[in-house]
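In: this is a predicted model, with the sequence first.
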Amino acid sequence: MNTDKERNRYSDAELQEFKEIILEKLETAKENYELLKSRLLSDDPTPTFKALEETAEALSKEAAGQRAQRQMEFINKLQSALVRIENKTYGVCRVTGKLIPKGRLLAVPHATTSVEGKELEQKNKRR
């Protein structure tokens with residue numbers, strides 16, 4: 001049997017496993033995004049005249065906005081991973097062209113680089 005280093009892509013069965021994991025994470029991410037969005041859009045109908053409360057609420061909404069933005073970026077990355085699965089390019093490092101280890105993909109299912117590829121990118125950025 002070929003090892004991950006000798007293969008150039010994951011099998012259809014393995015891609016299906018990853019797809020199920022990603023779809024589950026995508027559903028959760030979308031639910032979290034909707035919760036954050038509803039928090040941003042909700043206004044407290046009772047007027048408050050205390051400056052500290054208003055400041056705290058504004059900061060809380062700003063933080064929620066930042067979390068919502070990060071959540072949307074995560075959703076986009078997961079959706080891109082689904083496209084790569086359909087194209088059968090999922091799990092291939094965009095830097096080295098080698099398979100990203102399964103353990104890394106289980107931990108970070110939207111990963112596009114292996115640890116080796118990430119290190120090469122960082123090394124090239126420093127030049």
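Out: Noted; the coordinates are in hand.

In: which positions within the helix or strand that contains residue 38 qualify as buried?
Out: In this structure, residue 38 sits in helix 12-41 according to DSSP states H and E. Judged by neighbour count using 16 or more other Cβ atoms under 10 Å, the buried positions of helix 12-41 are 14-15, 18-19, 22, 25-26, 29, 33, 36. Any C-beta I mention is one placed from the backbone N, CA and C, and that applies to glycine too.

In: for stretch 81-97, same thing?
Out: Under the neighbour-count criterion of 16+ other Cβ under 10 Å, stretch 81-97 has 81-82, 84-85, 90-93 buried.

In: chain center to stretch 97-113, what's the gap?
Out: 12 Å (Cα atoms, centre = their mean, to the nearest Å).

In: related to what we said a few turns ago, so which of the buried residues of stretch 81-97 are in helices?
Out: 81-82, 84-85 (DSSP state H).

In: looking at the residues you listed, which one is closest to residue 103?
Out: Taking Cβ to Cβ as the measure, residue 103 lies nearest residue 81 of those, at 16.1 Å.

In: distance check, the nearest residue to that closest one once chain neighbours are set aside against residue 91.
Out: Using Cβ to Cβ, 6 or more residues apart in numbering and skipping the chain neighbours, the partner closest in space to residue 81 is residue 110 (4.7 Å). Going from residue 110 to residue 91 by Cβ to Cβ, to the nearest Å gives 11 Å.

In: before we move on, back to that, name the helices or strands packed onto the helix holding residue 38?
Out: Applying 3 or more Cβ pairs under 8 Å, 6 or more residues apart in numbering; DSSP states H and E, one finds that helix 12-41 makes contact with helix 51-86, helix 102-107.

In: kindly export stretch 26-34 (C-alpha atoms) in PDB.
Out: Coordinates of each C-alpha in stretch 26-34 appear next as PDB, following Å, rounded to 0.1, in the frame of the first residue of the first chain:
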ATOM      1  CA  LEU A  26     -19.900  24.400   8.400                       C
ATOM      2  CA  GLU A  27     -23.300  24.000   9.900                       C
ATOM      3  CA  THR A  28     -22.000  24.900  13.400                       C
ATOM      4  CA  ALA A  29     -20.100  27.900  12.000                       C
ATOM      5  CA  LYS A  30     -23.200  29.200  10.200                       C
ATOM      6  CA  GLU A  31     -25.300  28.800  13.400                       C
ATOM      7  CA  ASN A  32     -22.700  30.700  15.400                       C
ATOM      8  CA  TYR A  33     -22.600  33.400  12.700                       C
ATOM      9  CA  GLU A  34     -26.300  33.900  12.800                       C
END
